[in-house]
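> sequence and computational prediction follow.
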There are 4 protein chains.
Amino acid sequence: MILILKSGVSEDQVSHVIDRVESLGFQAHLSRGTYRTIVGIIGDESRLAPESLRAIPGVSEVIPVLPPYKLASLEAHGEPSIVDVGGVKVGGGKLLLIAGPCSVEDPERMDRIARAVRDAGANMFRGGAFKPRTSPYAFQGLGEEGLKILREIGDRYGMPVVTEVTDPRNVELVAQYADMIQIGARNMQNFALLTEVGNARRPVLLKRGMSATINDLLMSAEYILSRGNSSVVLCERGVKGFDSCTRNLFDVAAVPVVKGLSHLPIIVDPSHATGRPDLIAPCAMAGLAAGADGVHVEVHDCPEEAKSDGPQALLPNQYADLVRQLRQLATLLRKQISPLPGVTV
Amino acid sequence: MILILKSGVSEDQVSHVIDRVESLGFQAHLSRGTYRTIVGIIGDESRLAPESLRAIPGVSEVIPVLPPYKLASLEAHGEPSIVDVGGVKVGGGKLLLIAGPCSVEDPERMDRIARAVRDAGANMFRGGAFKPRTSPYAFQGLGEEGLKILREIGDRYGMPVVTEVTDPRNVELVAQYADMIQIGARNMQNFALLTEVGNARRPVLLKRGMSATINDLLMSAEYILSRGNSSVVLCERGVKGFDSCTRNLFDVAAVPVVKGLSHLPIIVDPSHATGRPDLIAPCAMAGLAAGADGVHVEVHDCPEEAKSDGPQALLPNQYADLVRQLRQLATLLRKQISPLPGVTV
Amino acid sequence: MILILKSGVSEDQVSHVIDRVESLGFQAHLSRGTYRTIVGIIGDESRLAPESLRAIPGVSEVIPVLPPYKLASLEAHGEPSIVDVGGVKVGGGKLLLIAGPCSVEDPERMDRIARAVRDAGANMFRGGAFKPRTSPYAFQGLGEEGLKILREIGDRYGMPVVTEVTDPRNVELVAQYADMIQIGARNMQNFALLTEVGNARRPVLLKRGMSATINDLLMSAEYILSRGNSSVVLCERGVKGFDSCTRNLFDVAAVPVVKGLSHLPIIVDPSHATGRPDLIAPCAMAGLAAGADGVHVEVHDCPEEAKSDGPQALLPNQYADLVRQLRQLATLLRKQISPLPGVTV
Amino acid sequence: MILILKSGVSEDQVSHVIDRVESLGFQAHLSRGTYRTIVGIIGDESRLAPESLRAIPGVSEVIPVLPPYKLASLEAHGEPSIVDVGGVKVGGGKLLLIAGPCSVEDPERMDRIARAVRDAGANMFRGGAFKPRTSPYAFQGLGEEGLKILREIGDRYGMPVVTEVTDPRNVELVAQYADMIQIGARNMQNFALLTEVGNARRPVLLKRGMSATINDLLMSAEYILSRGNSSVVLCERGVKGFDSCTRNLFDVAAVPVVKGLSHLPIIVDPSHATGRPDLIAPCAMAGLAAGADGVHVEVHDCPEEAKSDGPQALLPNQYADLVRQLRQLATLLRKQISPLPGVTV
């Protein structure tokens, strides 16, 4: 780390800064510029908290030179990871196409939607059994009943399934039914939940929080990785913006930014990012073009009857059109939609 | 609610919209303007999900005319609430002054800080035993050991204590030791946690999330209230901003906005809002001047040794200076710092 | 427009609202719901200012049902426009590829860069002669000297040229030399400048401001269109965001949002949107995939010597690689990079 | 400045960085840490452009150690400035209270409002003659006619007047009539306008742009100061936020942040910051409590008839109530509302 001292710092303060750095077991390297004095700290930066250094009198700024995450870092890992979710590969040129309704609803509807999205080319089915809803009066999901429906559908169509967990007490239960566990945007910094999911032996889909920086996102991934679970897939799904014409602001540049910093795959979710069905296809294409490892889209066969989030779903035939376009784009980018397990391409 | 239909909507679509509204048990009131057709929905709006209405073909916009919260609403409640926390009143002209270190540390230091802030005029002591940290490698708090220290300090100085809970499994434990349970900004939409805290019989300090609208904040309060816990105090602690010269963007206008919408007391936290000790006093004063029911400030006797968040703490003597100013301002506003229980003013 | 009245509004206030609406020459259509009274205003909404309606006592909200722009509206215009800039077509499947350095520099360097980007496939050359710089001490551009260099280069290589104007007094001068006049992000709401550019007989490249909504952008276009200049091309170049890892936040969804509202072409500028050379190619591809009518990229042959904004430029060979990718994507999308005038494809 | 080199930088790249720094006339001070190499640049940083340094191969980050403004800096100036506007002092404990309608309207109304705000205690009258309107179809102000009305009112009541200029061609004209020239938020980075205003011999009220950092604001002040005009008063009037319940997000912490960086006075404008009359008084009080040197409030005697921005105006009697509160708060803060010229306090 580098400490930039305040202008007009006294010699006593400089000495105290150096003492403090050395007392923490590091070497201090002093550099007096024309206007400011700078202290370089030599040693393993990961053992230092920038905030406590910033509280030393005379210190103006603390500048880390290393990212605060290690296991999530591309530099440490060397090459992009490929994550296997129930036989479907994500990363390294293999694309994940997740589709399904916002909430798990009745089995007949689930069956219809699942068959449609599988036929369209999706390789993972989604549906929420535990729904984080801003209103306590809104539909909260079918709970374990929903998990059972999801599992049956997954088995029937040979597709891995992903569903959200919102409570650390439910992680084990969800892990029994789902091939992949989703951490939603509102829980990206729910550290108790991240820790439990890190202990589970299931791949994790970690969605970026609405006000999370890329660094925050990678630190949340680090929580999961540091518990021994190395199968983490990130998801950009829009951040908070000032223009109400979209639900969130789709930060497509997050995809190449993450690719430059981390080995973890990252997919995009244009349904939540925009909240508008007319924007899903263009933003899905944009995400793939920017380098994403997959696309997450909500699909419902009658959005006006959906138990939640109807307006951000595509109809099955619209989804099929989108997958045709995505497949062509994948070919141009020398990537491939990952085949379902047991399917020969 | 009001449905604004798309321009060029067909008669069939209009009929379908009306059928749909009526099938949900509401009356539809059609109004054809020069350019657009509008459908007013007459009945108990709280039973309707705007999102499913927006998914009906031909509907362009859905405009609610009532707030989605009821228990948190000022209109429903009639007058501002006064919340009692261990004998200290908040709201209705009574001010809450919470002070203490970010984390609970060793008992000697806690004792020194607690005595100092009580002597300065604080009426509640704070300290984190379970710390939500962005890094899995950072100090995570002393856990139950910390709760015990906090309780002892509170009893020794006759001050109620507040501490954060981050895991629904710990709510009962925390409620055994603390007079008030804090929900931190990152957990404002952790609905499992809100539900548990709603079941607890302890007052709750609910901090606004970094990307939460006022409406989101009041909906989270509604979660707690709807479980039967009516002692909720809100806290503005800064939202995500674009200027890195402060840690967050202190949204002081949130105070009068909340006062116009809700009966719940609201305090401000200039420590987290700004992340800079030089800004704490001016922002604390601003919050009180804007109508806040109290101020939450981190205080530490040696910020460079703090286990977490040192740079946003005041020294005890700085805190005493601030309370002197706050007291004068309170008098001007015809308010009063709430006395400690058993203390005669 | 629709007026939602406050809950508890008096009969006198309702009468006053209706009188006021009628005195402005409109019909009022009253609708009393379960909780709120609503007044629909029937007539030509464009003659009404929402703000003065909102100031009528008893009015809670004013909801426009028409967009405030007319000439920029897709609905009014019927189909997407194709803009001709010095023989290069933009819109309707024809793509604009603008490339060149941030500032016009010495003629030799300009010549080298222009030849390189033309050979790579760009169909418009750019360079700033009047630079809006945040610092009064930074290089402010070569002025008319720069315009001359730009014109010579354009003529030599048969490419139309675009350059920014920052002062209404310079519009005529710039229009003498440039084929297209750029309004930069910081001047998007410089209405004196928009008016002058609206009077000029040159196509305009209008960049979105950093805190401008799509509605604001289209209103600024309306200023230009309302003066009789119908050749306006919009440009998304990033809005203000909270994550400092990119210079701005590239709002790729703005492209399909604009396409749904306006007939005007829209291009993207990943150089300014991200400020990082490694993100330019992925974001350019994303923009095209989302439906943009072109891409604006800064290119410099020695970024460390650039007079301004070096770090957001591609090297000529990197630009050539990008155009190869863009061309393939254009084919997939059934679009075409617009040929230079006089060039047979 | 400090250059942090990329991890894995080659020796050739390090040499090239040092050569480049030295060729620019600076000394390079090399420091090799455990993970990164750092180059300190010794010399007059103000002659260096961070962006061109960031474009040198091998450079990862460029960290300035001095602010980029000099004339606006508190450090350079030593103590807070007091600006004199037509005999009214601002700064150093003297408060400026600007009040008046958004636009200059008919002389009778102006007279009524001016008398009312003067009697309430305002010491400067405002009104727009050239209005920056987002719609080309909205009322654009009375132009020179409005300036004349404003001047007459100012003379009649012995109050200095302030009005906005939006076009560099009008600066001289406005300076003939007004005591203070306002640069509005949308023009904060209209550098042509800043330069002209810097040449004028009138005090300037510089409003912060909606997406401007404090650094951006001070750089715009530097433009004016660098032309020789040292009478600049800053104004915080809200930045772009994500919650539509206020028009902008009032950044009250900007006041003490500016106080720590610059000698220039700063006032607050709660009318534009919030856009809601019920929030003006609490936010005005908050601004003063945070250390502002004055308050700018829109006042109109019939907001529903206002030519612009009616809903953010106070009625004259509401304004008088607010000034009573502000006066008490000023006394508590040991400050004083600056008397009108010729008035003995």
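Perfect, I can see it now. Numbering: from 1, shown residues only, chains lettered A, B, ... in the order given.

> all contacts plus neighbour counts: C-alpha atoms, from now on.
Noted.

> not counting sequence-adjacent ones, nearest residue to A:H272?
Spatial nearest neighbour of A:H272, excluding adjacent residues (CA to CA, 6 or more residues apart in numbering or on different chains): A:R237 at 5.7 Å.

> how near is that neighbour to chain B?
Per CA to the nearest CA, to the nearest Å, A:R237 is found 14 Å from chain B.

> ok, now which ones touch that residue?
Residues in contact with A:R237 (CA atoms under 8 Å, 6 or more residues apart in numbering or on different chains) are A:185, A:207-208, A:248, A:250-251, A:268-273.

> which of those residues lies closest to D:G87?
Of all these, A:N248 has the smallest distance to D:G87: 49.5 Å, by CA to CA.

> quick one: mean pLDDT over stretch A:93-101.
When pLDDT is averaged along stretch A:93-101, the result is 98.

> contacts for that stretch?
Among residues not part of stretch A:93-101, those counted as contacts by CA under 8 Å, 6+ apart are A:88-90, A:110, A:113-114, A:117, A:121-128, A:267, A:293-300, A:313, A:334-338.

> quick check: longest helix in chain A by residues?
Among the segments of chain A that qualify as a helix by DSSP state H, the longest is helix A:316-332.

> after that one comes which helix or strand?
strand A:336-337 (DSSP states H and E).

> who does that following strand pair up with?
Each strand paired with strand A:336-337, and its direction, by DSSP bridges: strand A:94-100 (parallel).

> dump the C-alpha coordinates for the partner strand into CSV.
Taking Å, rounded to 0.1, in the frame of the first residue of the first chain, the C-alpha atoms of strand A:94-100 are listed here in CSV:
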residue,chain,number,x,y,z
LYS,A,94,-19.1,-22.6,-23.5
LEU,A,95,-22.3,-20.7,-23.0
LEU,A,96,-25.0,-21.1,-20.3
LEU,A,97,-28.6,-20.3,-21.3
ILE,A,98,-30.8,-20.1,-18.3
ALA,A,99,-34.6,-19.7,-18.9
GLY,A,100,-37.8,-20.1,-17.0
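
> what angle separates it from helix A:316-332?
Angle of strand A:94-100 versus helix A:316-332, following axes from the mean of the first three to the mean of the last three CA atoms, to 10 degrees, is 170 degrees.

> before we move on, the earlier item: distance between the longest helix of chain A and the chain's centre?
Here the centre of mass of C-alpha atoms in helix A:316-332, compared against the chain's by CA atoms, centre = their mean, to the nearest Å, lies 23 Å away.

> which of the contacts of stretch A:93-101 fall within strands?
Filtering the contacts of stretch A:93-101 for membership in strands, criterion DSSP state E, returns A:88-90, A:124-126, A:267, A:294-298, A:336-337.

> which is the succeeding secondary structure element to the one helix or strand A:I41 maps to?
Take DSSP H and E as the rule and A:I41 turns out to sit in strand A:37-42. Later in the chain than strand A:37-42, the nearest helix or strand by DSSP H and E is helix A:50-54.

> quickly find the element holding A:C283.
Element membership of A:C283, judged by DSSP H and E, is helix A:277-289.

> who in the stretch 201-345 of chain A is up against chain C?
Taking CA under 8 Å from any CA of the partner chain as the measure of proximity, the stretch 201-345 of chain A contacts chain C at A:211, A:213-214, A:241-243, A:245, A:249-253, A:256-257, A:274, A:279, A:282-283, A:285-291, A:328-329, A:332.

> please redo it, this time with the cut-off set to 7 Å
By CA under 7 Å from any CA of the partner chain, the part of the stretch 201-345 of chain A that sits against chain C consists of A:213, A:243, A:249-253, A:256, A:279, A:282-283, A:285-287, A:289-291.

> need the buried ones from the residues you listed selected in PyMOL.
Taking 16 or more other CA atoms under 10 Å in any protein chain shown as the burial criterion, the selection of buried members of those in PyMOL is written as:
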select buried, chain A and resi 213+243+249+250+251+252+253+256+279+282+283+285+286+287+289+290+291
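
> and the residue of chain A nearest chain D?
Scanning chain A for the residue nearest chain D gives A:F242, at 4.4 Å (criterion: CA to the nearest CA).

> find the nearest non-adjacent residue to that residue, please.
The nearest residue in space to A:F242 (CA to CA, 6+ apart) is D:F242, at 4.4 Å.

> what about the one you found, which SS state?
Judged by DSSP: H, G, I helix; E, B strand; the rest coil, the three-state class of D:F242 is coil.

> adding secondary structure and pLDDT, write the contacts of A:R237 out as JSON lines.
As requested, these are arranged in JSON lines below (DSSP: H, G, I helix; E, B strand; the rest coil; pLDDT from 0 to 100):
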{"residue": "A:A185", "secondary structure": "helix", "pLDDT": "97"}
{"residue": "A:K207", "secondary structure": "strand", "pLDDT": "98"}
{"residue": "A:R208", "secondary structure": "coil", "pLDDT": "98"}
{"residue": "A:N248", "secondary structure": "coil", "pLDDT": "97"}
{"residue": "A:F250", "secondary structure": "coil", "pLDDT": "98"}
{"residue": "A:D251", "secondary structure": "strand", "pLDDT": "98"}
{"residue": "A:V268", "secondary structure": "strand", "pLDDT": "98"}
{"residue": "A:D269", "secondary structure": "coil", "pLDDT": "98"}
{"residue": "A:P270", "secondary structure": "helix", "pLDDT": "98"}
{"residue": "A:S271", "secondary structure": "helix", "pLDDT": "96"}
{"residue": "A:H272", "secondary structure": "helix", "pLDDT": "96"}
{"residue": "A:A273", "secondary structure": "helix", "pLDDT": "97"}
